[in-house]
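Colleague: below: sequence and its predicted model.
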Number of protein chains: 4
Amino acid sequence: MPEKKTMPIRWGMIGGGRGSQIGSIHRSAALRDNTFELVAGAFDIDAARGRAFGIDLGLDEGRSYPDYRTLFAEEAERPDGIEAVSIATPNNTHFEICKASLEHGIHVVCEKPLCFTVAEAKELKALAEARGLIVGVTYGYAGHQMIEQARAMVKNGDLGEIRVVNLQFARGFHSAAVEEQNPSTRWRVDPKFAGPSYVLGDVGTHPLYLSEVILPHMNIKRLMCVRQSFVKSRAPLEDNAVTLMEYDNGAIANVWSSAVNAGSMHGQKIRIVGSRASIEWWDERPNQLSYEIQGEPVRILERGMDYLYPEARLDDRIGGGHPEGLFEAWGNLYRRFGLAINGNRGLAPEGIENLVFPSVDAGLEGVRWVENCVRSADAGGVWVDYE
Amino acid sequence: MPEKKTMPIRWGMIGGGRGSQIGSIHRSAALRDNTFELVAGAFDIDAARGRAFGIDLGLDEGRSYPDYRTLFAEEAERPDGIEAVSIATPNNTHFEICKASLEHGIHVVCEKPLCFTVAEAKELKALAEARGLIVGVTYGYAGHQMIEQARAMVKNGDLGEIRVVNLQFARGFHSAAVEEQNPSTRWRVDPKFAGPSYVLGDVGTHPLYLSEVILPHMNIKRLMCVRQSFVKSRAPLEDNAVTLMEYDNGAIANVWSSAVNAGSMHGQKIRIVGSRASIEWWDERPNQLSYEIQGEPVRILERGMDYLYPEARLDDRIGGGHPEGLFEAWGNLYRRFGLAINGNRGLAPEGIENLVFPSVDAGLEGVRWVENCVRSADAGGVWVDYE
Amino acid sequence: MPEKKTMPIRWGMIGGGRGSQIGSIHRSAALRDNTFELVAGAFDIDAARGRAFGIDLGLDEGRSYPDYRTLFAEEAERPDGIEAVSIATPNNTHFEICKASLEHGIHVVCEKPLCFTVAEAKELKALAEARGLIVGVTYGYAGHQMIEQARAMVKNGDLGEIRVVNLQFARGFHSAAVEEQNPSTRWRVDPKFAGPSYVLGDVGTHPLYLSEVILPHMNIKRLMCVRQSFVKSRAPLEDNAVTLMEYDNGAIANVWSSAVNAGSMHGQKIRIVGSRASIEWWDERPNQLSYEIQGEPVRILERGMDYLYPEARLDDRIGGGHPEGLFEAWGNLYRRFGLAINGNRGLAPEGIENLVFPSVDAGLEGVRWVENCVRSADAGGVWVDYE
Amino acid sequence: MPEKKTMPIRWGMIGGGRGSQIGSIHRSAALRDNTFELVAGAFDIDAARGRAFGIDLGLDEGRSYPDYRTLFAEEAERPDGIEAVSIATPNNTHFEICKASLEHGIHVVCEKPLCFTVAEAKELKALAEARGLIVGVTYGYAGHQMIEQARAMVKNGDLGEIRVVNLQFARGFHSAAVEEQNPSTRWRVDPKFAGPSYVLGDVGTHPLYLSEVILPHMNIKRLMCVRQSFVKSRAPLEDNAVTLMEYDNGAIANVWSSAVNAGSMHGQKIRIVGSRASIEWWDERPNQLSYEIQGEPVRILERGMDYLYPEARLDDRIGGGHPEGLFEAWGNLYRRFGLAINGNRGLAPEGIENLVFPSVDAGLEGVRWVENCVRSADAGGVWVDYE
């Protein structure tokens, strides 16, 4: 990997202020490889606190803004204004801030979900295309290198024809009504801030996006979903859901989204079953990929090894055996956002057209999937055509 | 465990002749603890071959019969005739042989499935009750001791209220159309011999029964099922199926039955999620049970250890650390069949009323579940009330 | 496997009476495949209790003997007297009973250790050879099928030249001075009954024998050993020991024998490192063997699969995926003892000359190894030539 | 963790230029938390290439030096000169560069090994103490948070009295003579550049240091070592070694250092056995720690969870479930180097006196251990008093 880009991208942040873990991850990822340079921000709903935080981060006083509107207005006027912005605010503000950013001609990296409705997502997509701007969505787990290996294996036919797709992101941390004691998690179960779902959107869309990366040739034809509020006070939002999907090639998928899988840490696992072989990946042991050819011993593939496909080596930071984790995955993603933005600016290296990253389409697909799941679930768990 | 029962039960076999792996397992299990004594048999559809096989096993020549009808007719007349019989014939003959046995006043141990329809199962149940006879069904995995531990943990409230039940028995051995080369597996995908389903009945009913053992207080309210024939020549029988179930207490279950889970050996796994903790068990590592209390480190319980519930120690054959396997599970089950038969004869020890074993009710439930699954699947995967 | 041998071997037992777990394992293994038939015994140091136990097991009253001397004297006179005997008595009696058996012309299966000194072992070996009798020693773990796979892999050069051998049998059950409360384990730390060592002989010789099976071409040249009595009351016997060994081909071995490996169940693990690949096996997951070719993904081999060497399929009782455990391992071993005895009687099938089983040589090697270890340890952990 | 330190430490690098993976890790770690700021460097033995590299990294042209002597001479004169330097050059230059740095009053972070002899290490230690300077040594694995948990558990008596310490760092990457094709690894087996050992120093000192962190109260009394050159051209340097050690409290340790453990990735594992419980950690799954209390189920502790000791939470960057890897471990270490340097400058927060980091003493201990091992090995594997 290049140690230094001659042109770091001028970058700002909205949200992700003091005490925000996700804000810290965004900065760690964006700054890691020197692709981005933090020059502006509006970090907090509390304007004074946000400005102080930005100054602590080393921003020029004048570029630590009280709110996102001011930020866009002023940065758009500067010759050295930000070229890209990341949004790490509550879900219900993503749409309006993304829209504002695009309207000001600024590339966007947005926390997932991109917005709450397909209509909104389509509006953002149209706007981005009209302005020729990049929209990235932080499905961070997609940055793990073994996901690229999985994608390459499917593409090269190692699995044969795909038959069964098992996805799960089933944590246990909200088995009890922890939000009653912990206000910072309360918004997740309030439709006003969280949107039409809790776990479907909050965790389920993660492995869904991974499946899109690995299985780009397959399209959902219909799905059915049931959702439950095991902690009753969370209704109408669900803390557990099961979604079945049928693809156009006849394959079937089973998605388990949960916050009440007691005792489980993350529980994000993917298994792809083909006519010849299966692969399985677990985000808590992300450096390994199980490759299971029918009739042969299970093989454990390891990150960083020569036997992997070149696509799985692109983001190597360190040799095999040394574990990488979520921070590298996010770093890889931000590096790709940077490549996409540079591609947009005519500055990216050749091969950029094969770049895989969660774009506005990924954001749209996540919202679409939640919408279809909710439509099915609210009708009693019936099959609905995927719209 | 007692080394010796004063009264081994006089026992015969139908089917399970030369070259039959399942016949060998039945004998190994029945004879292991001296509960049963093999004194008669009709081992093969080829009468001569069957008789020779029985004689090789050490039977009196006159009690190695050419067919099951002769066996029942003659044994029923002998003062020392068999008291119990095991049936290890193709699925489509189970009903008629079970029925004949009960009509001759002989206890039955039958391979799963007990029969093909709920109506048949109810007929056998009524007959058994009328004659005061035991019917055992060989859901062999239920004999693993950690299943008793799981049952005791649920009963004692260690998991809290049950919310999610994930069951799977998803093998990969039939990923390709192996039946084309291997006639001995061909009957499994022929409705005439296999009945209304392949994997639902053949593998899915196993973890289903385990869930009944562990969760006796919960009843299925409705279910939906989709099934696929990924190897097309298997249609109308499925080689993969997903079943969702809702219980009367609001819990939800997800059952994956498959013969095309490429690269997987058995893939029989159970996860029970409660409001306080989860447990997980995998039949390929049957001596361990994962116990996951939310907010605490995962604990790995081991067979044979003092910290287990007494119910999980009843069948101890050897100390913890030493692995036991499927043969011990089957042996434990046959021991329970023997206890039930002895209880029926007034010979069993106290406490027999708490004995848990797969009886005619388990056989009936398996058939009922398949019937409901097929009904749902054939209607397009709709929810059906559990009948 | 044959369901029935035309000629079960007439067999007796000494020791292993009521309440003895090891006695029960011997019987389970010997009777499992109908190779042996129990017709006589002297089961207990308490003559009356022993006789009652034998009768309960179904012996003729006259053949449930008060002591081993009477047993040998009377059985040797009967035309239908026992052909083989198993010894499951305390360690300090093994030598005299083995010797008596051989002197009476009876094949022996003896619990490990065969005796206490190399001199004794050589005497037994000479006696067995003079009389043309089989001596088997129950290193039960050697009956696990994946050990045969390991042996075949080494033989076929899959590992390249062997460089490092890591052996351990390191349990935790005696981390505390449990013998103070549990008299039945007290003899293990009493030199009078246990011999010159505790864990070296009691557990260390197990993986040592496995290494002899897997690496028949390698000979120990010198070794050094240190031993500790972490529970001080056990001195001079050790509850923990480390042995390093150098082989004649330049390879090195490291053996950890322990009863104080707190929290560990068995901890019997073997790793063989070659110039091309390594294999690793753990007796608590005995159906799997890890095969690790340098530069390739780790492969997990599974018992019962077609890709194994034929030697690893000889004892198949059930298909891959179904776990087998210690009882099958012992059963396999007793089947081999039976084959060896039948070979001795001219009744064994062709190929018997390749039969691998723990014979008097294995018994001798175990005793020799302990003797060398003790010699080194008692001299302060110095290197000693292997004698 | 603070997002921003008011005073980043002015920092330079020697070595670690273009194409150096280790150089990249140093920079990633030092810059991650804004503790250090890269302002100077002498990155390459090739002066022009080194200068160009530094400028690419964003250094002022005048502070990208042709060699380390110029760097120290000029930086020591500047009012804004570097306060600390990291050394990532070949092993044989560590001593002279460390010494030069200390003589110029500059704190040092040095790649391991600190130097080649105890005499040299003592000279550096004396110099650092005389000048009041910090010397850090990058035993990077010590930055994994679960190592702090292990240390706290031992300190709090969770394991009881320590009895057995098993350490290994046994990779397989050099099973073949890869250095013949790959010049960049050739220096490791050349005593001129690598010093008196290959694997003892290169890998063995890593788990040794971890054991010092976890078991600060225990001192090695004597040790013995054997070493082998399985690839013969590596002699006299070893590619495999076993070291046994006795501590002053009677505990025993077993250290396996290897580059020829075929098929193994890293193989860095630690097991500490106490009278009450054991712990086990593996650097390839660094977020988990196995906690095994005798007589209780094994517990799997997870990084980031509330049940850990506060010491194991100090470096939390992200919640439990999300895997962290080697980069975070290094980052944590550099943060501690920064704290130590700030403590030295009177700028560190309270509690600094409890800070644990690999200092000059750790560097000295590593060199001492290798020296003792080599002394024992070269005398034929005899026990030597630890000097």
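Modeller: Perfect, I can see it now.

Colleague: tell me the phi and psi of A:Val39?
Modeller: Main-chain torsions, A:Val39, degrees, to the nearest 10: phi -130, psi -10.

Colleague: what is the burial count for it?
Modeller: 20 (other CB atoms under 10 Å in any protein chain shown). Bear in mind the C-beta positions are built from the backbone N, C-alpha and C, glycine included.

Colleague: next: A:Tyr291.
Modeller: Neighbours of A:Tyr291 (other CB under 10 Å): 22.

Colleague: try the one 4 residues further on
Modeller: For A:Gly295, the number of neighbouring residues by other CB under 10 Å comes to 17.

Colleague: my guess is it is in a helix, correct?
Modeller: No - read with DSSP: H, G, I helix; E, B strand; the rest coil, A:Gly295 is coil and lies in no helix.

Colleague: for it, give me its contacts.
Modeller: Counting by CB atoms under 8 Å, 6 or more residues apart in numbering or on different chains, A:Gly295 touches C:Met305, C:Asp306, C:Tyr307.

Colleague: most neighbours among those, which one?
Modeller: C:Met305 (19 neighbours).

Colleague: so that residue is in which element?
Modeller: Counting by DSSP states H and E, no helix or strand carries C:Met305.

Colleague: tell me the SS of the closest residue to it other than its chain neighbours?
Modeller: Nearest residue to C:Met305, sequence neighbours excluded (CB to CB, 6 or more residues apart in numbering or on different chains): C:Gly320, at 4.5 Å. Per three-state DSSP, the local secondary structure of C:Gly320 is coil.

Colleague: same check on A:Met224?
Modeller: Of the three states, A:Met224 takes strand according to three-state DSSP.

Colleague: that one and chain D, how far apart?
Modeller: Distance, A:Met224 to chain D, by CB to the nearest CB, to the nearest Å: 29 Å.

Colleague: residue contacts, A:Met305?
Modeller: A:Gly320, C:Gly295, C:Pro297.

Colleague: near the first one, how many other residues are there?
Modeller: I take that to be A:Gly320. A:Gly320, neighbours per other CB under 10 Å, totals 19.

Colleague: so which bits of chain A are right by chain D?
Modeller: Proximity of chain A to chain D, by CB under 8 Å from any CB of the partner chain, involves residues A:1, A:3-4, A:18, A:21, A:24-25, A:28, A:32, A:34, A:53, A:56-58, A:171, A:265-266, A:283-287, A:302, A:317-328.

Colleague: and those residues, which of them are buried?
Modeller: A:3, A:18, A:24-25, A:28, A:32, A:34, A:53, A:56-57, A:171, A:265-266, A:283-287, A:302, A:317-318, A:320-328 (16 or more other CB atoms under 10 Å in any protein chain shown).

Colleague: buried set for the helix or strand encompassing A:Gly366?
Modeller: Using DSSP H and E, A:Gly366 maps to helix A:360-378. For helix A:360-378, the neighbour count (16+ other CB under 10 Å) marks A:360, A:362-374, A:376-377 as buried.

Colleague: ditto for stretch A:25-42
Modeller: For stretch A:25-42, using 16+ other CB under 10 Å, the buried residues are A:25-36, A:38-42.

Colleague: could you pull out the helices for the stretch 251-387 of chain A?
Modeller: Ranges of helices in the stretch 251-387 of chain A, per DSSP state H, counting those that start in this stretch, are A:326-344, A:360-378.

Colleague: same for the last one, what does it pack against?
Modeller: Contact here means 3 or more CB pairs under 8 Å, 6 or more residues apart in numbering or on different chains; DSSP states H and E; on that basis helix A:360-378 packs against helix A:118-131, strand A:135-137, helix A:205-214, strand A:220-228, strand A:240-247, strand A:384-385.
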